[in-house]
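J.: what follows is a predicted structure for the sequence shown.
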Amino acid sequence: MELSGVTLQKLRIFQVVFEKGSFNKSAAMLHMSQAAVSQHIRSLEAALNVQLLLRSAKGVRPTEAGELLYKRANEILQLVQQTGLELSSLNTDNPKQLMIGATPGAGAYILPVWLAKYQQRYPQIKMRSTTQMTRETTQAVLAGKVDFGVTLGAIDDLGDQQLAQHVLWEVEYVAIVPPNHPWQARASVTADDIRQAPFIARQQGSRSRRWLAGLFGNLNICAELDSPFATKQAVLNAVGVSILPSYIVQRELERGELIAVTVERVKLTRPLLLLWRRDRAFSAAQTAFWQMVVEDHRDLDL
């Protein structure tokens, strides 16, 4: 069989379409037009002389041949990426490290998971991180001090033509109270309940606090703390109530050490963003990190 039409780019596009089950979602992920994605898949099918995907109004699903190619494409693309990293590590001018900047919550709860996964895959690359507030993290990205930034919440006011961003996923926030709190038996609370309760907030100037102020207005703040971990500990010790990302309090909720309370008619989600400089080409180490967190994040259990 002649395989001259099978390129790494086509295999990568097929891999994404297979996982997303949709040309439209795949186009958004790949920053391509839907027509271009579809054309690449048709070209790949023609080169292999086999149908890989079954199209329908509900999306696409793989054929038996598609299932096999997906397995082989994963192996091929992983091998190519690993080879690129190994070759780049032979270059003495290559710093052989990846620097990530993150805001406190992401730095404490998300980056350690990514660090373990990345170094398991690429042990020759050292991954380092630094934790700062959102504005300082974006500035570090723009100054080239970090390869990527990870922040929570929109940063439109910090926009710069050189700053690129990708929404990794929407992070769910939850209102939390300690056991035996008067709210624990309630099906839900109102925004007024949140405003009136003793509330543990982040420090003034933090974007988390500004976000909550935009949702609820003036809060009855009983304590100001400079990290989500400290905020969680204060709720555990019955200082007051608070609102935190679900991944920060997941274990405590499962163990019954904290209680999650539904807030009526308030959408408690913020985007988790990956930031980088638009005008700089990715190194092999950066490309590997991008693929891991953007395309494989379903495997990154928090």
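T.: Yes, it's here. Numbers count the residues shown, from 1 in each chain.

J.: does residue 50 belong to a helix, a strand or coil?
T.: coil (DSSP: H, G, I helix; E, B strand; the rest coil).

J.: OK, contacts around residue 45?
T.: The contact partners of residue 45, by Cβ atoms under 8 Å, 6 or more residues apart in numbering, come to 51, 52, 53. From N, CA and C alone the C-beta is placed, and that goes for glycine too.

J.: mind listing the strands for the stretch 51-200 of the chain?
T.: For the stretch 51-200 of the chain, applying DSSP state E, counting those that start in this stretch gives strands covering 53-56, 59-62, 97-102, 126-131, 148-152, 163-177, 199-202.

J.: and the contacts of residue 45 as a markdown table, adding neighbour count and distance to residue 203?
T.: Formatted as a markdown table, the contacts of residue 45 follow (neighbours: other Cβ atoms under 10 Å; distance: Cβ to Cβ, whole Å):
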| residue | neighbour count | distance to residue 203 |
| --- | --- | --- |
| 51 | 13 | 58 |
| 52 | 22 | 53 |
| 53 | 23 | 51 |
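
J.: of these, which is the nearest to residue 219?
T.: residue 53 (50.6 Å; Cβ to Cβ).

J.: if we can go back for a sec, out of the strands of the stretch 51-200 of the chain, which one sits most buried?
T.: strand 148-152 (a mean of 25; mean count of other Cβ atoms under 10 Å).

J.: poorly predicted segments of this protein, please.
T.: Where the chain drops to pLDDT under 70, the residues are 1-4, 84-96, 159, 295-302.

J.: which one's the longest helix in it?
T.: Longest helix in the chain by number of residues (criterion: DSSP state H): helix 64-89.

J.: what residues go with each domain of this structure?
T.: Per automatic domain parsing, the domain ranges recorded for the chain read 8-89, 97-169+271-299, 171-267.

J.: just how off-centre is the longest one within its chain?
T.: Translated: domain 97-169+271-299. Relative to its parent chain, domain 97-169+271-299 has a centroid offset of 9 Å by Cα atoms, centre = their mean, to the nearest Å.

J.: re the thing from before, could you dump the strands of the stretch 51-200 of the chain to TSV with distance to residue 291?
T.: Converted to TSV, the strands of the stretch 51-200 of the chain look like this (distance: least, Cβ to Cβ, whole Å):
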stretch	distance to residue 291
strand 53-56	22
strand 59-62	21
strand 97-102	13
strand 126-131	14
strand 148-152	12
strand 163-177	12
strand 199-202	32
